[in-house]
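> Fold the stuff below for me.
(chains A and B)
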Protein chains: 2
Amino acid sequence: MSLEKTLYIGPFIHSDSLTTLDIAVNGMIGVDEHGTIAFIRRDMKGKQLPTEPGWEESKIVRLNARHGFFFPGFIDTHIHAPQYPNAGIFGKSTLLDWLETYTFPMESSFREVRQAAKVYNRVVARTLSHGTTTACYYATVHVAATNLLADVCLSRGQRAFVGRVCMDRLSPEYYRDESAESSLRDTEACIEHVRGIDPGFELVSPIITPRFAPSCSDESLKALGKLHQDSGIPCQTHISENKSEIALVKKLFPEAPHYAGVYDEAGLLTSKTILAHAVHLTPEERSLIKTRDAKISHCPASNTALASGCAPVRQLLNEGITVGLGTDVSGGYTCSMLAETREAVMVSRHRSILEDGSDECKLSVEEALYLATRGGAKVVGLEDKIGGFEVGKQWDAQMVTFAEVGETVGGLDQKEGPVEVFGGETYEEKVAKWVYTGDDRNTMAVWVRGRLVHCKEGFKP
Amino acid sequence: MSLEKTLYIGPFIHSDSLTTLDIAVNGMIGVDEHGTIAFIRRDMKGKQLPTEPGWEESKIVRLNARHGFFFPGFIDTHIHAPQYPNAGIFGKSTLLDWLETYTFPMESSFREVRQAAKVYNRVVARTLSHGTTTACYYATVHVAATNLLADVCLSRGQRAFVGRVCMDRLSPEYYRDESAESSLRDTEACIEHVRGIDPGFELVSPIITPRFAPSCSDESLKALGKLHQDSGIPCQTHISENKSEIALVKKLFPEAPHYAGVYDEAGLLTSKTILAHAVHLTPEERSLIKTRDAKISHCPASNTALASGCAPVRQLLNEGITVGLGTDVSGGYTCSMLAETREAVMVSRHRSILEDGSDECKLSVEEALYLATRGGAKVVGLEDKIGGFEVGKQWDAQMVTFAEVGETVGGLDQKEGPVEVFGGETYEEKVAKWVYTGDDRNTMAVWVRGRLVHCKEGFKP
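Predicted coordinates for the structure are as follows:
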């Protein structure tokens, strides 16, 4: 891959700690032929270009300081790509009946590659349009459809982890792995496919994906754990989302100390493990997860929609556990990580209500954005490559734009997007408005490794 | 006002009870020169037009059954128009500090009519674009700015209740009524202005608006109560949003039996009273409110954002109290009633979590839509005119559209809006997708009393 060297000129904003944003209003970031950040300037006000020797011929992407900022791409650490057509459809179900009623029938339709092509192209295009530059996908049990998802991510340029779902028990007859052996074999087939299309896993990586403990036999969990340990390929699964689910795990694994222990005993709880949800973990489980350095994907919209509970994010963070955000489509209703960031703030307010008004529970906008970028980068083990703007990191970024409301009493230009800037706002307030009131209309353009992977009509790169 | 007689042909959907939607896929609604529904047909499939004598020359607005439906306009029963520029800006504040930090400084800027013109034009244009055909506005203390809001609603064609805010104590020096007398006098001036521009209050009505008990002296509450009783003009205020606020009311009104009693004793608790929030009412208060037939505006996004609590909507409904929805901009972050409808569903899930998984608390999509339309109509006392499609009601409606995802693997047409229809969905599921994943891009056109008051670029009426 060789790209035009590019200078991104304008405000850039990224997290410099959990609680604070670094805001460089007069910034410039130089991105080289490989999509890597070569240098960063923070005070370009009034300076003539070119300021860097060797960059005289570079392409320039310029953003007026009043009209937006560059921001790191979002990292969605938990999304079920095949469930996308069900987004927004739940009734009043909770986890276990929702799986039976909506999820398994939809996922089973991916035996048809044509269905996979239709849905997966749409999911990847749509999540890119929302600024998701990295996604951890659950696919289905089907090898061909899963491989197609990897192909789509690579061709559309989205950084992705793609997992064939393993489920050899307690699953419907019409949708399951035949055996622990076939589950392992099919998982290996998908890994080999990704190795074929992206040998260094530079953009797309396989990920070992036991659905969750109840749908995997002991034998299958152990085989997948061994594969995880031997290959170093990451793994992802669910944990402690819902109280009935936890009771089911207790019944199915009577000898395990707890839910987290089931994964640990199978060799599936390591620093390369992503655990989705973690709403109801016990102190012992949190301590084990911390010891193993396993990562947690917090899915607030899903917590709410399925009435699972409010994950105690502040407690997890205080105990030193790594947390990112996931949309959990379609347990979550939205594939927008911006909406999910807002939901993280909102669910933390509900956690505060649960804890009698505790202020400590509340996540700020800055903290939620950290989880959506830096936190997610750590969850997927790519904190050296993505999540913020530093020299040597890759240019996974989005250009966020908005227009100022005019002085006149005119109408509405809907193309401008929903964020309303009236003129007196600080940058911190503009960021808060983006998180609370913005949507994909405010994401003008999106890059992964320096490649333009999405832009709005009218964007002149 | 005389309009072209118009036939609206296509699916129409509206609530026929709290829990059910009436879905007429092959519908036709005839709207006369006065914007009134003259007839409704439910089975137009394969029929030739014209089918109605006297309607041969009518205008036709046709919607393909696969691409959307007509739906009643939303009724926002609680929105602070001047706070719109603050939407999304809270920090981690709760009610009382939020008022001091963000709200009062913003509202005080409406002493400048130019500020009012800029913001109010935008609020009305924007809420119309979200399908809000009726809004209950709080303005500010300023007479000129409040009158301007009424003018803007009338000229842009939004049905509205416009209230000058009364606050003669416990308010900052820089932003308050001088006295109970001036508060009453200024309120009467605003009422006279509206009477001047819309004598029958056909589209725009004044509404008496004591901010909330803590910011009104006894004298002022009583004077406003007398005005309410004598004039029959409706009133709106806040109640029991936040525990510190309730404690403050107890301290300020030591002799009142409770918060609701403060309003009742002043003559402000009647069947024409809209009470916003009602998160923490006691059984005695609910019983009094039921007896007086006062109405409640539930503001779920605000409940969450300010961590006020989760209003017990199911309980209110079970007890026979009338409930509608309000965005409560900018305690609520969004001016979209569609988003607020979703938030009502979500907050009911959190109420369920608070009540140990109670299924009964959960509002369905259908119930939330009822609250946003029929419920709101009852709250504002216009249930005979708006909220659903029946002969004799006025055509306050929105055309909701979405496109089906193509069979091909192509890109994304962002103009189509965010709702993704894959082809197998029932109408109930399409409605759920609209509520969970839709936004103003799915609102193609909006009418109030038969007048087209908003449409998207490209709409051919």
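
> Let's check: the centremost residue of chain A is which one?
Central residue of chain A (Cα atoms, centre = their mean): A:D76, 0.5 Å from the mean position.

> Confirm for me that that residue is in contact with A:T134.
Yes. The pair formed by A:D76 and A:T134 meets the contact definition of Cβ atoms under 8 Å, at 7.0 Å. Glycine gets a C-beta too; all of them are placed from N, C-alpha and C.

> Find the residues that touch each one of these two.
The contact sets of A:D76 and A:T134 overlap at A:G376 (Cβ atoms under 8 Å, 6 or more residues apart in numbering or on different chains).

> on that earlier part again, ok, what's across the strand from the residue nearest to the centre of chain A?
A:A135 (DSSP bridges).

> Report the contact partners of it.
So A:D76 contacts A:T127, A:T132, A:T134, A:A135, A:C136, A:L325, A:G326, A:T327, A:C335, A:M337, A:E340, A:G376 (Cβ under 8 Å, 6+ apart).

> just checking, what packs against the lowest-mean-pLDDT helix or strand in chain A?
The helix or strand of chain A with the lowest confidence, counting by mean pLDDT, DSSP states H and E, is helix A:95-98 at a mean of 88. Applying 3 or more Cβ pairs under 8 Å, 6 or more residues apart in numbering or on different chains; DSSP states H and E, one finds that helix A:95-98 contacts helix A:243-252.

> any idea of the mean pLDDT for the helix it packs on?
Helix A:243-252 shows a mean pLDDT of 97.

> For the helix or strand just after it, name the packing helices and strands.
Scanning forward in sequence from helix A:243-252 by DSSP states H and E, the next helix or strand is helix A:259-265. Helices and strands touching helix A:259-265, by 3+ Cβ pairs under 8 Å, 6+ apart, are helix A:218-231, strand A:235-239, helix A:243-252, strand A:273-277, helix A:283-292.

> any idea of the mean pLDDT for helix A:259-265?
Averaged across helix A:259-265, pLDDT comes to 98.

> Which residues belonging to that helix are considered buried?
Of the residues in helix A:259-265, A:Y259, A:A260, A:G261, A:V262, A:Y263, A:D264, A:E265 count as buried by neighbour count, 16 or more other Cβ atoms under 10 Å in any protein chain shown.

> again with stretch A:221-230
Quick answer for stretch A:221-230 (16+ other Cβ under 10 Å): A:L221, A:K222, A:A223, A:L224, A:G225, A:L227, A:H228.

> Now that we have these, can you turn them into TSV and tack on distance to chain B and pLDDT?
Below are the buried residues of stretch A:221-230 laid out as TSV (distance: Cβ to the nearest Cβ, whole Å; pLDDT from 0 to 100):
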residue	distance to chain B	pLDDT
A:L221	29	98
A:K222	34	98
A:A223	34	98
A:L224	31	98
A:G225	33	98
A:L227	31	98
A:H228	32	98
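
> Quick one, which of the contacts of A:D76 are buried?
Buried among those (16+ other Cβ under 10 Å): A:T127, A:T132, A:T134, A:A135, A:C136, A:L325, A:G326, A:T327, A:C335, A:M337, A:E340, A:G376.

> what's the nearest residue to the first one if we skip its chain neighbours?
Looking back up the chat, that one is A:T127. Nearest residue to A:T127 in three dimensions, chain neighbours excluded: A:C335, at 5.2 Å (Cβ to Cβ, 6 or more residues apart in numbering or on different chains).

> ditto for the fifth one
Once its chain neighbours are removed from consideration, A:C136 has its nearest residue in A:F161; the separation is 4.4 Å (Cβ to Cβ, 6+ apart).

> That neighbour against A:T209, yeah?
No. Using Cβ under 8 Å as the test, A:F161 is too far from A:T209 to be in contact (9.0 Å).

> hey, what's in contact with both of the two?
With Cβ under 8 Å, 6+ apart as the test, A:F161 and A:T209 both reach A:Q236.

> Nearest to chain B: which residue in the stretch 301-450 of chain A?
A:Y436 (3.1 Å; Cβ to the nearest Cβ).

> Please apply the same query to the stretch 1-150 of chain A.
A:G88 (3.1 Å).

> Assign a three-state SS to that residue, would you?
The three-state label given to A:G88 by DSSP: H, G, I helix; E, B strand; the rest coil is coil.

> pretty sure it is touching B:V431, no?
No. At 9.4 Å, A:G88 does not count as touching B:V431 under the criterion of Cβ under 8 Å.

> Compare those two and say which one has the larger neighbour count.
Using other Cβ atoms under 10 Å in any protein chain shown as the criterion, A:G88 and B:V431 rank with A:G88 on top: 26 against 22.

> With the flanking residues excluded, which residue is spatially nearest to the more buried one?
Nearest to A:G88 is B:Y436, by Cβ to Cβ, 6+ apart, at 3.1 Å.

> ok, the one you found - how many residues close by?
For B:Y436, the neighbour count with other Cβ under 10 Å is 24.

> ok, now A:L269?
Neighbours around A:L269, by other Cβ under 10 Å: 26.

> I'd like to know how far it sits from B:K460.
A:L269 sits 59 Å away from B:K460, taking Cβ to Cβ, to the nearest Å as the criterion.

> which residues does A:R42 contact?
Going by Cβ under 8 Å, 6+ apart, A:R42 touches A:A24, A:N26, A:G27.

> nearest to B:A117, of these?
A:N26 (33.2 Å; Cβ to Cβ).

> Look at the residue nearest to the closest one when sequence neighbours are not counted and report its pLDDT.
Leaving aside its chain neighbours, A:N26 sits nearest to A:K45 (4.1 Å; criterion: Cβ to Cβ, 6+ apart). pLDDT recorded at A:K45 is 88.

> what's the host helix or strand of A:N303 packed up against?
Per DSSP H and E: A:N303 is located in helix A:300-305. Judged by 3+ Cβ pairs under 8 Å, 6+ apart, helix A:300-305 is in contact with helix A:337-354, helix B:337-354.

> For those, give me JSON lines that also has distance to B:K362 and mean pLDDT.
Shown next, in JSON lines, are the helices and strands packed on helix A:300-305 (distance: least, Cβ to Cβ, whole Å; pLDDT from 0 to 100):
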{"stretch": "helix A:337-354", "distance to B:K362": "15", "mean pLDDT": "97"}
{"stretch": "helix B:337-354", "distance to B:K362": "5", "mean pLDDT": "97"}
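
> any idea how far stretch A:233-246 is from the chain center?
17 Å (Cα atoms, centre = their mean, to the nearest Å).

> would you put the C-alpha positions of that stretch in PDB?
What follows is stretch A:233-246, C-alpha atoms only, in PDB (Å, rounded to 0.1, in the frame of the first residue of the first chain):
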ATOM      1  CA  ILE A 233      -4.900 -15.400  18.300                       C
ATOM      2  CA  PRO A 234      -7.200 -13.300  20.500                       C
ATOM      3  CA  CYS A 235     -10.500 -14.500  21.700                       C
ATOM      4  CA  GLN A 236     -13.900 -12.900  22.600                       C
ATOM      5  CA  THR A 237     -17.000 -14.100  24.400                       C
ATOM      6  CA  HIS A 238     -19.800 -12.900  26.700                       C
ATOM      7  CA  ILE A 239     -19.900 -12.900  30.500                       C
ATOM      8  CA  SER A 240     -22.400 -12.100  33.200                       C
ATOM      9  CA  GLU A 241     -24.900 -10.100  31.100                       C
ATOM     10  CA  ASN A 242     -28.000 -11.300  32.800                       C
ATOM     11  CA  LYS A 243     -29.000 -13.000  36.000                       C
ATOM     12  CA  SER A 244     -30.800 -15.900  34.400                       C
ATOM     13  CA  GLU A 245     -27.800 -16.500  32.200                       C
ATOM     14  CA  ILE A 246     -25.500 -16.600  35.300                       C
END
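
> buried sites along it?
A:233-243, A:245-246.

> what does stretch A:26-43 give?
A:26-32, A:35-38, A:40-41.

> what sits against A:M106?
When contacts are counted by Cβ under 8 Å, 6+ apart, A:M106 touches A:P82, A:Q83, A:P85, A:N86.

> So it, which state does it fall into?
Per three-state DSSP, the secondary structure class of A:M106 is helix.

> Mind pulling the model confidence for it?
pLDDT, A:M106: 97.
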